[in-house]
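> After the sequence you'll find the predicted model.
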Amino acid sequence: MKINSSLSVDAFSTPVTGNESPSYDEVRACLLRISLKVLFIWWKTDVNLSFLIFHSLVDDEHVFPNEKKVIEILSQYFILVDDNDISLHQLFCLEKKVLNFDNIFNQIEKRYSVNLVDVEKSHFVQGLLYAKQLPMIIFLLEKYRESNSIPIILPTPLLLYLDKCGFLWGKCTQTQDYLSFIFSQLQFLLRAEYYLIFYKNHLFGKDESQHENAFGVYEIPVDHLLEPHIQNEMKIQYGVEYCCWVPGIYSNLGLPIGTGGISVSLKNFGIFIQLRQFLRNRKEIFSLNRQELIIHELVHACRENLASVEFEEEFAYSLSKSFIRRVFAPITQNRIDSILFYIFSLISITTDLPAFPRWVSLFSKLPVLITTLLGLFRLALMKQRLYRAGKYFKDQLQQNNVMPILFRLTDEEIHYFSKQYKKPQPLFNILQSKLKALETLKNNADKHMVDISTATRWLVLNENYFVPNKRSSL
């Protein structure tokens, strides 16, 4: 299930109070670890992503220290480089060739008692090492942004790799919006540790003993999110190979009744997933399977930019091991659907008590029956449209490309291709019309007259699935 608000996000939408704001020592320690994560990536990939530390790309000034405060705190940590003590802030301004990272990390570990194993095994570090070319691409994108020279359409190899990472283009009207989404999500991932401390303080105050109770909040280990089975399923089914950028928590707080997990989209922050706490130490409990739930929520995260929800639950449930869930679970498309059904069901059950007349009990069954029948009708119609759109592509392309293509289409486009079921137009003609905007841009036309969103998405689809021999690689 995907939601845009829940109890999980209240802490980020209200002014900070002294009771929930991390202590100064917590802030210092957390900023040190955040900096070391970026430093570790610099060491292993030759890419300096320090802008993610110092330049706030998300709307979190009421939660996270501002740039001036971050520089002030990191200037209090010193490392010996070439017989000179320099601050951690200054360190990021140096060239890599003058740095001995082994020595630097040894100094930090001894001077400041930091567990470097935790830094190395953090989600941010492991995720960016998993998607090996992503750090360099992020660096290049930042250079575009910093120099105010963002191209109208990014170079094709960059778009293709970002698409493989699950950063689908969606309905972004300009490249700046797309870059903002990527940067804010990566910064959200980098700062997730800090936000978790803030959130726990918001819930329980600063009494650490309360953090460990049955309603505690725990970060989902990166090993759980990058399990080979999860990444292979995303790759085979949807063509997403490196979905490494979505943080998550184990917590029961705010989860709707009967829900094993949700993906939460925080406006101007990013996306994270939340799973039931008892899945923290067990892969499967009753009908809930941790891997299946993670895949389900990653599907929602990847399609965030598409802003299309009608078929999203169908994609999310399509990899379920349970036949019943694959067929019937997409009957609810949003949180309101679930809440209405629960309310009507509760009323129906309550009126079965002896205190209510028989006619009231019978009448109370009508809302449940009507909503169920309407839901089944909508579900059947949705499956039919998706099948017909898939059939259109199956008749003209390799079958293993069909689901990745559908996964990247908007609701409107799926509706369009489902109508091509009986008298299909040649795919080549449709593709040419979708890519027409690219030719218009090459002729220096006014970019405001061009549908950049559609052109960019279909450029990626064309290179990845329609013209395999032209597929670009980095």
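It's in.

> Next secondary structure after the one helix or strand I34 maps to?
Taking DSSP states H and E as the definition, I34 sits inside helix 24-45. Moving toward the C-terminus from helix 24-45, the next helix or strand (DSSP H and E) is helix 51-54.

> any residues touching that following helix, and which ones?
By Cβ atoms under 8 Å, 6 or more residues apart in numbering, the residues outside helix 51-54 that reach it are 31, 34-35, 38, 67, 70-71, 74, 92, 142, 146, 183, 186-187, 190. Yep, even glycine has a C-beta here, placed from its N, CA and C like the rest.

> Just the mean pLDDT for the next helix or strand after that helix, thanks.
Next helix or strand after helix 51-54 toward the C-terminus (DSSP H and E): helix 67-74. Helix 67-74 shows a mean pLDDT of 89.

> can you give me how far helix 67-74 is from the chain middle?
Distance of helix 67-74 from the chain centroid (Cα atoms, centre = their mean, to the nearest Å) equals 28 Å.

> Counting by contacts, list what that helix packs against.
Helix 67-74 sits against helix 24-45, helix 51-54, helix 88-91, with contacts defined as 3 or more Cβ pairs under 8 Å, 6 or more residues apart in numbering; DSSP states H and E.

> Flag the shaky bits of the protein, pLDDT-wise.
1-21, 58-62, 202-215, 441-450, 467-474 (pLDDT under 70).

> Centroid-wise, who is the farthest residue in it?
Among the C-alpha atoms of the chain, the one most distant from their mean position (Cα atoms, centre = their mean) is that of P357, at 49.9 Å.

> ok so, going back, make CSV from the helices and strands packed on helix 67-74 and add mean neighbour count and distance to P330 to it.
Output for these, formatted as CSV (neighbours: other Cβ atoms under 10 Å; distance: least, Cβ to Cβ, whole Å):
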stretch, mean neighbour count, distance to P330
helix 24-45, 19, 38
helix 51-54, 20, 36
helix 88-91, 19, 49
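
> Any chance of those helices in a markdown table with distance to N464 as columns?
Putting the helices and strands packed on helix 67-74 into a markdown table (distance: least, Cβ to Cβ, whole Å) gives the following:
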| stretch | distance to N464 |
| --- | --- |
| helix 24-45 | 25 |
| helix 51-54 | 28 |
| helix 88-91 | 40 |
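
> Minimum distance to L275: which of the ones you listed has it?
Among those, the nearest to L275 by Cβ to Cβ is helix 24-45 (23.2 Å).

> Helix 67-74 and the closest one, what's the angle between them?
90 degrees (axes from the mean of the first three to the mean of the last three Cα atoms, to 10 degrees).

> if we look at helix 24-45, which residues are touching it?
22, 47-50, 52-53, 65, 70, 73-74, 76-77, 88, 91-92, 96, 101, 104-105, 108, 112, 114, 116, 118-120, 122, 124-125, 128-129, 132, 135-136, 190-191, 193-194, 197.

> How far does it sit from its chain's centre?
On Cα atoms, centre = their mean, the centre of helix 24-45 falls 22 Å from that of its chain.

> With stretch 293-310 instead?
Worked out by Cα atoms, centre = their mean, stretch 293-310 lies 8 Å from the chain centre.

> Could you pull out the buried residues of it?
293-306, 308, 310 (16 or more other Cβ atoms under 10 Å).

> Most widely separated two among those?
Taking Cβ to Cβ, no two of these sit farther apart than I294 and E310, at 23.0 Å.

> what comes up buried for the helix or strand hosting N429?
Assignment of secondary structure by DSSP H and E places N429 within helix 427-434. Neighbour counts over helix 427-434 (16+ other Cβ under 10 Å) mark L427, I430, K434 as buried.
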